[in-house]
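1. Can you look at this prediction? I've put the sequence above it.
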Number of protein chains: 2
Amino acid sequence: MSPENTPRLREPRRRRDVLPETTVARLPGYHSVLSAMAASGLATVSSEALAQASGVSSAMLRKDLSYLGSYGTRGVGYDVEYLIYQIARALGLAQDWPVVIVGAGNLGHALAKYGGFASRGFSVVGLVDADPDTVGERVGDLEVQPMAELEALIERTRPAIAVIATPAEAAQAVADRLVAAGVRNILSFAAAPLSVPADVEVRTVDLATELQILAFHEQRRTGRADMTEASA
Amino acid sequence: MSPENTPRLREPRRRRDVLPETTVARLPGYHSVLSAMAASGLATVSSEALAQASGVSSAMLRKDLSYLGSYGTRGVGYDVEYLIYQIARALGLAQDWPVVIVGAGNLGHALAKYGGFASRGFSVVGLVDADPDTVGERVGDLEVQPMAELEALIERTRPAIAVIATPAEAAQAVADRLVAAGVRNILSFAAAPLSVPADVEVRTVDLATELQILAFHEQRRTGRADMTEASA
DNA sequence: TAGATTGTTAATCGATTAACAATC
DNA sequence: TAGATTGTTAATCGATTAACAATC
């Protein structure tokens, strides 16, 4: 980035292409709703209708789309196909991204076979596990590789993303090896804060925490005596 | 705060026990870090040390904890055991929450067997699937029930939370049935916006979207020609 | 008392919502 | 032209960070 005309002093909003993280997180949803609309033959859609179908407000939708550019027509709405194309381009949906999964337990196993990835442009190209009993097992058309092969596997397949599906205790060590091997994007299912260099993107999905958050709401709703209830 | 002197007109911050959603989402992390500390014999911890280990700033940690009450000692720090107890109480970790899973495909299967739930107070008490070939299959010590049994299962087990692990197309219909049967907390893995009454809590985890967000960053990092790069 | 560290208030930052001028 | 709807600006809201007085 920054070809020859380097920014003068401090650039006011870095480049032009910085989408807020919250916007990026919503774009896949718009894309999938639009795809369904296109499949049902819809040619044009208003921000109101698309927002409704996506479960957001129309103001937020228009704001989100405005970061991509001006692809709507006032008084008319958005061309469905064209908007699909623009969102796909922004997200990098055009290409196929190779993914390596570390940990072939229940979750790693399920993720490797998960159809939802392939359909959205991700190919699981490798699956490794520390347990010798699991190594060699066939999962879909992959064979579980030994942990020792991790670096060689990354070297060979050059994954854009690595998924950590190991126990929490192993997660940091795995992350360190992934980073050292050149991986810059990690999706972790381990309930442990990962420490990585600033240029590495990490997203953590902790399934038990998700349930915990819901349990908290349930507890509040049913008014557990020790928590709420103290009013006269 | 305010035991008998109930707030006059509009209460300024609803009750007293409203934790910001962001705070609730971080409490499980603090709890697990503290548990590890307790296991290693640590009796007391400062906000600085706990924050560091949890991957947040000490200011944010203190703010989060202050919503629960004043459980630290100035000049000293927090008593590890006591803080564990208070967080557990706030989150509802004391009790065991029954969970029903709808959809016994790759993901539902893995979730039913996932050890991370049991260890955090959740018991999977039922697993249903629409596919007659899957019904009757044994998963852990559960047997996959037919979809028609959903209401009866809920009636019998009274789950605090239901997990939707069906294809996106089926998700809304499943949610409707869950809500009608009395479920008030839903964790959905289906990439579809669910429409539910206001008193129903829904959390959506879309695995493909998580990868998509990372792919976006990878694309930006490697500077795909069509996205950025247009400057003179 | 001197040093450490909490709990809280105020400042900052970012994201969402509302409103409307531009324009099809 | 009259009606519809975008793209954007300004207002609001909420969450994070900084700072520090209270207090162990």
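-> Arrived safely, thanks for sending. The structure displayed is predicted, hence computed values, not measured ones.
2. near chain B at all, the longest helix anywhere in chain A?
-> Secondary structure of chain A read by DSSP state H shows that its longest helix is helix A:21-39. Yes. Using CB under 8 Å from any CB of the partner chain, we find that helix A:21-39 touches chain B at A:21, A:24-25, A:27-29, A:32-33. Quick note: C-beta positions are derived from backbone N, CA and C, even for glycine.
3. Now list the buried members of those.
-> A:24-25, A:27-29, A:32-33 (16 or more other CB atoms under 10 Å in any protein chain shown).
4. Of those residues, which is the nearest to B:Val135?
-> Lowest distance from B:Val135 to those (CB to CB) belongs to A:Ser32, with 29.0 Å.
5. how far away is the closest residue in space to the closest one that isn't next to it in sequence from A:Tyr30?
-> When the adjacent residues along the chain are set aside, A:Ser32 lies closest to B:Ala191, with 6.0 Å between them (CB to CB, 6 or more residues apart in numbering or on different chains). B:Ala191 sits 12 Å away from A:Tyr30 when distances are taken as CB to CB, to the nearest Å.
6. How about A:Gln172?
-> From A:Gln172 across to A:Tyr30, the span is 35 Å (CB to CB).
7. Pick out whichever of these two has more residues nearby.
-> Set side by side, A:Gln172 and A:Tyr30 give different neighbour counts by other CB atoms under 10 Å in any protein chain shown, the larger being at A:Tyr30 (23 against 18).
8. Isn't that one up against A:Asp64?
-> Yes. The pair A:Tyr30 / A:Asp64 is scored as a contact, 7.3 Å apart, by CB atoms under 8 Å.
9. got a list of what A:Ala38 touches?
-> Contacts here follow CB atoms under 8 Å, 6 or more residues apart in numbering or on different chains; on that basis A:Ala38 touches A:80-81, A:84.
10. roughly how far apart are it and B:Leu42?
-> Computed with CB to CB, the distance linking A:Ala38 and B:Leu42 is 57 Å.
11. Need the pLDDT of the residue in chain A that DNA strand C sits nearest to.
-> Closest approach between chain A and DNA strand C, counting by CB to the nearest atom of the strand: A:Gly75, at 2.2 Å. pLDDT for A:Gly75: 97.
12. Kindly report the same for the one 10 residues further on.
-> Confidence at A:Tyr85, expressed as pLDDT, is 98.
13. Next one: the helix or strand hosting it, is it in contact with DNA strand D?
-> Using DSSP states H and E, the element containing A:Tyr85 is helix A:80-91. No. Helix A:80-91 is not in contact with DNA strand D by CB under 7 Å from any atom of the strand; minimum separation 9.2 Å.
14. Tell me the first helix or strand C-terminal of that helix.
-> Next helix or strand after helix A:80-91 toward the C-terminus (DSSP H and E): strand A:97-102.
15. outside of that following strand, which residues touch it?
-> Outside strand A:97-102, the residues that touch it by CB under 8 Å, 6+ apart are A:108, A:111-112, A:117, A:121-129, A:147, A:150, A:153-154, A:157-166, A:174, A:178, A:183, B:211, B:215, B:218.
16. Can you pull the domain assignment for chain A?
-> A:3-91, A:97-209 (automatic domain parsing).
17. And the last one, end to end?
-> Domain A:97-209 has its terminal residues 28 Å apart, counting by CA to CA, to the nearest Å.
18. how near is the closest residue to A:Ala192 other than its chain neighbours to A:Ala180?
-> Taking CB to CB, 6+ apart as the measure, A:Ala192 lies nearest to A:Ala168, with 4.1 Å between them; neighbours along the chain are not counted. Between A:Ala168 and A:Ala180 the distance, using CB to CB, works out to 20 Å.
19. Between the two, which has more neighbouring residues?
-> Per other CB under 10 Å, whichever of A:Ala168 and A:Ala180 has more neighbours is A:Ala168, with 17 against 11.
20. The worst-scoring helix or strand of chain A on mean pLDDT: which residues count as buried?
-> Ranked by mean pLDDT, DSSP states H and E, the helix or strand of chain A with the weakest confidence is helix A:115-118, at a mean of 90. Neighbour-count burial for helix A:115-118, with 16+ other CB under 10 Å as criterion, is recorded at A:116-117.
21. Dump the C-alpha coordinates for that helix into PDB.
-> These are the backbone C-alpha positions of helix A:115-118, laid out as PDB (Å, rounded to 0.1, in the frame of the first residue of the first chain):
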ATOM      1  CA  GLY A 115     -20.700 -28.000   4.200                       C
ATOM      2  CA  GLY A 116     -21.200 -24.300   5.000                       C
ATOM      3  CA  PHE A 117     -17.600 -23.500   4.400                       C
ATOM      4  CA  ALA A 118     -17.200 -24.900   0.900                       C
END
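22. Return the mean pLDDT over the strand ranked longest in chain A, rounded to an integer.
-> In terms of residue count, the longest strand belonging to chain A (DSSP state E) is strand A:122-129. Averaged across strand A:122-129, the pLDDT comes to 98.
23. What's the local residue count around A:Arg138?
-> Taking other CB under 10 Å as the definition, A:Arg138 ends up with a neighbour count of 8.
24. hang on, I meant A:Met60
-> With neighbours defined by other CB under 10 Å, the count for A:Met60 comes to 15.
25. Please name the residues that touch the residue lying closest to it once chain neighbours are set aside.
-> Distance criterion CB to CB, 6+ apart; nearest residue to A:Met60, sequence neighbours excluded, is A:Ala51 at 7.1 Å. Taking CB under 8 Å, 6+ apart as the contact definition, A:Ala51 lies against A:57-58, A:60-61.
26. do that again at 7 Å, thanks
-> Residues in contact with A:Ala51 (CB atoms under 7 Å, 6 or more residues apart in numbering or on different chains) are A:57-58, A:61.
27. Of the residues you listed, which is the most crowded?
-> Ranked by neighbours (other CB under 10 Å), these are led by A:Leu61, which has 22 neighbours.
28. Look up which helix or strand that residue falls in, please.
-> Counting by DSSP H and E, the element that carries A:Leu61 is helix A:58-68.
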